[in-house]
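# predicted structure and sequence below. I'll ask about it afterward.
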Amino acid sequence: MGFHHLALFLHLVGVVLWVGGMAFIRVCLISPALTGAQWAEALERFFPLAWMSIALIVVSGGFMLSVTGAANAPWAWLAMSVLGTAMIIVFASIRFGPWVELRVALARGGLAQAQARAAIARIEKRLDVTLALAILTATMATLGLGI
């Protein structure tokens, strides 16, 4: 087993944890019965795992790309890099945008429930975009290699 295989393994572990976690949050926590505080707590617990996974993906992907060389890399790898970067940007916008708004609204109490729900709706939309990008990235990473 070479470093490439180890890097690929770590890359896939990072993807599974990050994308799987986002899918779980988006699909399983979509219940209207879930309070804003529960949403905030779930995301607060998820963010450290997500950032660790993203770091793992970036480092392992960067390693594999550097060994191959960008000029020699399949076009699908480069597309995957661009789409992955877009995913990271959209995901970061959740953390530094509507998640902060949700926490502020929760701190204000009962009068800010509409603001909390609006923040949750924005989080859901951005998770949808990130998950759609994840599907497109997986498509490039697999089927794109055959084109």
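Yep, that arrived.
# let me see the ranges of the helices in the chain.
Assigned by DSSP state H, the helices in the chain fall at 3-28, 36-68, 75-96, 98-108, 113-142.
# centre of the chain to the first one, how far?
So the one you mean is helix 3-28. Taking CA atoms, centre = their mean, to the nearest Å, one finds helix 3-28 lying 9 Å from the centre of the chain it belongs to.
# could you do the fourth one as well?
Averaging C-alpha coordinates over helix 98-108 and over its chain gives two centres that are 21 Å apart (CA atoms, centre = their mean).
# pull out the buried residues from that helix.
For helix 98-108, burial by neighbour count (16 or more other CB atoms under 10 Å) applies to 98-99, 101-103, 105-106. No exception for glycine: its C-beta is placed from N, CA and C like everyone else's.
# distance to Arg117 added to those, as CSV?
Listed next are these as CSV, based on distance: CB to CB, whole Å:
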residue, distance to Arg117
Pro98, 11
Trp99, 14
Glu101, 11
Leu102, 9
Arg103, 14
Ala105, 9
Leu106, 11
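# could I get the helices of the chain in TSV, plus columns for mean pLDDT?
Formatted as TSV, these follow (pLDDT from 0 to 100):
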stretch	mean pLDDT
helix 3-28	94
helix 36-68	94
helix 75-96	94
helix 98-108	94
helix 113-142	93
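# re earlier: closest one of the buried residues of helix 98-108 to Ala50?
Sorting the buried residues of helix 98-108 by distance to Ala50 puts Trp99 at the head of the list, at 11.4 Å, by CB to CB.
# tell me the residue in this structure that is farthest from the middle.
Leu111 (31.1 Å; CA atoms, centre = their mean).
# distance of that residue relative to Arg103?
Distance, Leu111 to Arg103, by CB to CB, to the nearest Å: 15 Å.
# ditto for Leu83
From Leu83 to Arg103 the distance is 29 Å (CB to CB).
# and what of Leu127?
From Leu127 to Arg103 the distance is 17 Å (CB to CB).
# now do Thr139
35 Å.
# just Ala114 next, same as before
Counting by CB to CB - Ala114 and Arg103 are separated by 15 Å.
# and if you look at Leu78?
Leu78 is 37 Å from Arg103, by CB to CB.
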